[in-house]
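*Asks:* need a structure here:
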Amino acid sequence: MVRRTLAVALAGLAILAAGCGGKDEDPAEAWVNGVCSSFTTWADDVQGSVDSLTAGTLSKDSLQAAADDVKSSTETLQSDLKDLGAPKTDAGEQAQEQVTGLTDQLAPGQQTIESALADANGVSGTLAAAGAAATALSAMAAEVTTTFDDLKKLDPGGELQTAFEQSSECEPVREQLDKLNGS
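*Replies:* The predicted model follows:
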């Protein structure tokens, strides 16, 4: 009798606990938060690399360290975006296509940076590599910005647009991307 009472009490507590967990995050909101968080992290990391170059003495080693950081940040962004998959919304497949397109568009910029560094010899070569890297980073930041803007407009009045408008994760994205773009 005691075991049965204990079992009923535990079952009741489990049901009560399950009901008290709060509401689950909406699928559109979860996806948007993931995208915005990934964009913000990438922009912060890349800005940190740019800042480290402008704050110190430019050398092939410092440029290589910054390029390595950008590469790592870009690979993380690409992986994180691919891992999100398509949001479970009416415009989910279109959103996923845009995110996949972005990951594909970032690869050439990364390759440009790596090629420029491989060819950098001496002071003039390092300066030329820094210029090529800055141009490539600018193009990459523009691609991320365009994708962010396009995703926000993709689903007018729908779940994704509402999620973008309400997401606290998305608030810093525009500021970070503008800073990275030099705006």
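*Asks:* ok, which stretches of this structure are strands?
*Replies:* Ranges of strands in the chain, per DSSP state E: none exist.
*Asks:* and Glu114, how many neighbours?
*Replies:* Other residues near Glu114 come to 18 when the count uses other Cβ atoms under 10 Å. From N, CA and C alone the C-beta is placed, and that goes for glycine too.
*Asks:* OK, contacts around it?
*Replies:* When contacts are counted by Cβ atoms under 8 Å, 6 or more residues apart in numbering, Glu114 touches 67, 71.
*Asks:* distance between whichever helix in the chain runs longest and the chain's centre?
*Replies:* With secondary structure taken from DSSP state H, the chain has its longest helix at helix 122-153. In terms of Cα atoms, centre = their mean, to the nearest Å, the centre of helix 122-153 is found 15 Å from the chain centre.
*Asks:* repeat for stretch 98-114
*Replies:* Per Cα atoms, centre = their mean, the displacement of stretch 98-114 from the mean C-alpha position of its chain is 13 Å.
*Asks:* Dump the C-alpha coordinates for that stretch into PDB.
*Replies:* The C-alpha atoms that make up stretch 98-114 are tabulated as PDB, following Å, rounded to 0.1, in the frame of the first residue of the first chain:
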ATOM      1  CA  GLN A  98      19.200  31.600 -48.300                       C
ATOM      2  CA  VAL A  99      21.300  30.300 -45.400                       C
ATOM      3  CA  THR A 100      22.900  27.600 -47.500                       C
ATOM      4  CA  GLY A 101      23.600  30.200 -50.200                       C
ATOM      5  CA  LEU A 102      25.400  32.400 -47.600                       C
ATOM      6  CA  THR A 103      27.600  29.500 -46.400                       C
ATOM      7  CA  ASP A 104      28.500  28.900 -50.100                       C
ATOM      8  CA  GLN A 105      29.200  32.600 -50.700                       C
ATOM      9  CA  LEU A 106      31.600  32.900 -47.700                       C
ATOM     10  CA  ALA A 107      34.000  30.300 -49.000                       C
ATOM     11  CA  PRO A 108      35.500  32.300 -51.800                       C
ATOM     12  CA  GLY A 109      36.300  35.200 -49.500                       C
ATOM     13  CA  GLN A 110      38.000  32.800 -47.100                       C
ATOM     14  CA  GLN A 111      40.000  31.400 -50.000                       C
ATOM     15  CA  THR A 112      41.000  34.900 -51.100                       C
ATOM     16  CA  ILE A 113      42.400  35.700 -47.700                       C
ATOM     17  CA  GLU A 114      44.300  32.400 -47.600                       C
END
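*Asks:* Could you shift the numbering so residue one becomes 23, and keep it that way?
*Replies:* Sure, I'll start counting at 23 from here, so that last one is stretch 120-136.
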